[in-house]
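Peer 1: Give me coordinates for this.
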Amino acid sequence: MSARRTQNFSQDDSTQYEGDEQSSHSSFMDRQARENAEPALKKFPVIVLLSIFGVGALVGLFFLVQFLMTYPQTSAAHNVQLTLLNPKIEAGSAYVDVQVINDNNASVKQMTMHYTIAGASGATISDGNVSLDQLVAAGSQAVIPHVKLGAISEAPKSLHADVTQAFCP
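Peer 2: The predicted model follows:
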């Protein structure tokens, strides 16, 4: 019976199927030709990738310019050492004498010092920034007396300070 079914197909039916196959094949080819004719830069995935790359390049350029603009201050700050001398508590505020050692090859001025004061429990009881406006010559040191750090609420146990900025005039 199955042999009869294969014999019952007429030649007209097979040409009809071949024509449909050719029309779908030609429409597929036409669609492929249209897609390939479109420039690659106008395709959505390429546009998305280029925009991500462009935004990344702009952000990178911003940080590069920021780094180059602040490089003299940050490099000068790395070559300045602070020693905190004679800590005192007067009227609820902490005071220290700050010894500044300048290892730069240029004088520094307008330094910013970040300090942290810890209490007996180890928790921070005071922190902040203090501006030190004394000129310290290249390769020398200076002591800045009686620098006010800030109000404290309990007896301090430790004190730490770092130079965050230093300008070379």
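Peer 1: hey, let's count contacts and neighbours off CA atoms from now on
Peer 2: Noted.
Peer 1: quick one: buried residues of the longest helix seen in the chain?
Peer 2: Looking across the chain with DSSP state H, the single longest helix is helix 44-78. For helix 44-78, burial by neighbour count (16 or more other CA atoms under 10 Å) applies to Gln73, Thr74, Ala76, Ala77, His78.
Peer 1: Helix, strand, or coil at Arg31?
Peer 2: Of the three states, Arg31 takes helix under DSSP: H, G, I helix; E, B strand; the rest coil.
Peer 1: per-residue confidence for it?
Peer 2: On pLDDT, Arg31 comes in at 80.
Peer 1: What count of nearby residues applies to it?
Peer 2: The tally of other residues near Arg31 (other CA atoms under 10 Å) stands at 12.
Peer 1: can you start the count at 57 instead of 1 from here on
Peer 2: In the new numbering, first residue 57, that becomes Arg87.
Peer 1: partners of the host helix or strand of Gly184, with directions?
Peer 2: Element membership for Gly184, per DSSP states H and E: strand 180-188. Paired neighbours of strand 180-188 in the sheet (DSSP bridges): strand 165-175 (antiparallel).
Peer 1: what's the offset of the strand it pairs with from the middle of its chain?
Peer 2: What separates the centre of strand 165-175 from the centre of its chain is 24 Å, taken as CA atoms, centre = their mean, to the nearest Å.
Peer 1: export that strand as PDB, just CAs?
Peer 2: Presented in PDB, the C-alpha positions along strand 165-175 are these (Å, rounded to 0.1, in the frame of the first residue of the first chain):
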ATOM      1  CA  LYS A 165      53.600  74.400  51.600                       C
ATOM      2  CA  GLN A 166      49.800  74.100  52.300                       C
ATOM      3  CA  MET A 167      49.800  70.500  53.400                       C
ATOM      4  CA  THR A 168      46.700  68.800  54.500                       C
ATOM      5  CA  MET A 169      46.900  66.200  57.300                       C
ATOM      6  CA  HIS A 170      44.300  63.600  57.900                       C
ATOM      7  CA  TYR A 171      44.200  62.400  61.600                       C
ATOM      8  CA  THR A 172      42.400  59.600  63.400                       C
ATOM      9  CA  ILE A 173      42.200  59.500  67.200                       C
ATOM     10  CA  ALA A 174      41.200  56.100  68.800                       C
ATOM     11  CA  GLY A 175      39.800  55.600  72.300                       C
END
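Peer 1: So which residues make contact with that strand?
Peer 2: 133, 180-192, 205, 210-225 (CA atoms under 8 Å, 6 or more residues apart in numbering).
Peer 1: for stretch 85-98, same thing?
Peer 2: With contact meaning CA under 8 Å, 6+ apart, stretch 85-98 is reached by Val102, Ile103.
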